[in-house]
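Asker: Test case, fold it:
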Amino acid sequence: MTGGTSGIGRAYAAELARRGHSVLITGRRRAQLDAVARSIAAESGVTVEPWIVELGDPRARTAFLDRVRQCRPLDIVVANAGFGYAEPFVNGPLRQAEAMIAVHVTSVVELFHAVIPTMIDRGCGSLVAVSSLASHLPVPGGETYVATKSFLNSFCESLAVGLSPYGLRVQTLLPGFTRTDFHRYDPDFAARRSAVRLLHWDTPETVVRASLVALDRNRTVCIPGWRNRLAARLLALLPRTLVRALMRRTAAR
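Answerer: The predicted structure is shown next:
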């Protein structure tokens, strides 16, 4: 489980622990991650191991993957770690986009590549990548974010087809607005808060329950909430020229 300090990642860790799974969770904030691990372990009675890792650092990822390969049995792997933009892509520093690609894409590819052989040997296992409903949209100011999430959609769909004969399940989770601290890096979010209050917001627990129910039913794509599923279907029906025009108008406000 990557990105287990708060929000959706913490909800996954807590729910899997309640189901009796020992859990390895990662994060970058040691005090918070240790507190989460102690709380979940005390509530569930299972082992919860915190692992501090900066997934944008190749050497840190290597050490983490070495630890993951030692986990037995390996029932489910959730790639949840991610962050939003603090600085724009246009006229912004390239390092921000590079860091996002490393965390959202490279770390997920390396993690799944590391655990798939073990799961194939057992003939079972589940892989979950947390994407975003925004991956279906062209988002000015979030170009790298939506592109990396779109990669996860395609990557996991192909994996699901290729791994199905081995008994493995693969899911991409596409949540909509969720009440987490994800937006703490967005300097404009406070200014938009009054507008986004009008939208439907899910809790992390609701999102995770939907994901695990869909996983039990072997659904490759999970979009929690009927409003979000409706929005995704409507977006799929609209001409992309119209979608781009709507997003330009939204960005201009």
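Asker: From here on, just use CA atoms for contacts and neighbour counts.
Answerer: Noted.
Asker: quick one: low-confidence ranges for the stretch 151-253 of the chain?
Answerer: The model of the stretch 151-253 of the chain has pLDDT under 70 over residues 180-199, 252-253.
Asker: Show me the helices in it, by range?
Answerer: For the stretch 151-253 of the chain, the helices defined by DSSP state H, counting those that start in this stretch occupy 189-196, 204-216, 226-237, 240-252.
Asker: Including mean neighbour count and distance to residue 18, could the ones you listed go into TSV?
Answerer: Putting these into TSV (neighbours: other CA atoms under 10 Å; distance: least, CA to CA, whole Å) gives the following:
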stretch	mean neighbour count	distance to residue 18
helix 189-196	11	33
helix 204-216	19	12
helix 226-237	13	26
helix 240-252	12	41
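Asker: export those helices to a markdown table and tack on distance to residue 131?
Answerer: Formatted as a markdown table, these follow (distance: least, CA to CA, whole Å):
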| stretch | distance to residue 131 |
| --- | --- |
| helix 189-196 | 20 |
| helix 204-216 | 12 |
| helix 226-237 | 13 |
| helix 240-252 | 20 |
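Asker: Please, where are all the strands along the stretch 101-250 of the chain?
Answerer: Listed in chain order, the strands of the stretch 101-250 of the chain (DSSP state E, counting those that start in this stretch) span 125-130, 168-173, 221-222.
Asker: follow-up on the earlier one: among the helices of the stretch 151-253 of the chain, which is nearest residue 109?
Answerer: Checking the helices of the stretch 151-253 of the chain against residue 109 by CA to CA gives helix 204-216 as the closest, at 19.9 Å.
Asker: and that closest one, what other elements does it pack with?
Answerer: helix 7-18, strand 168-173, strand 221-222 (3 or more CA pairs under 8 Å, 6 or more residues apart in numbering; DSSP states H and E).
Asker: Let me have those in JSON lines, extended by distance to residue 124 and mean neighbour count.
Answerer: Shown next, in JSON lines, are the helices and strands packed on helix 204-216 (distance: least, CA to CA, whole Å; neighbours: other CA atoms under 10 Å):
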{"stretch": "helix 7-18", "distance to residue 124": "17", "mean neighbour count": "23"}
{"stretch": "strand 168-173", "distance to residue 124": "5", "mean neighbour count": "26"}
{"stretch": "strand 221-222", "distance to residue 124": "19", "mean neighbour count": "22"}
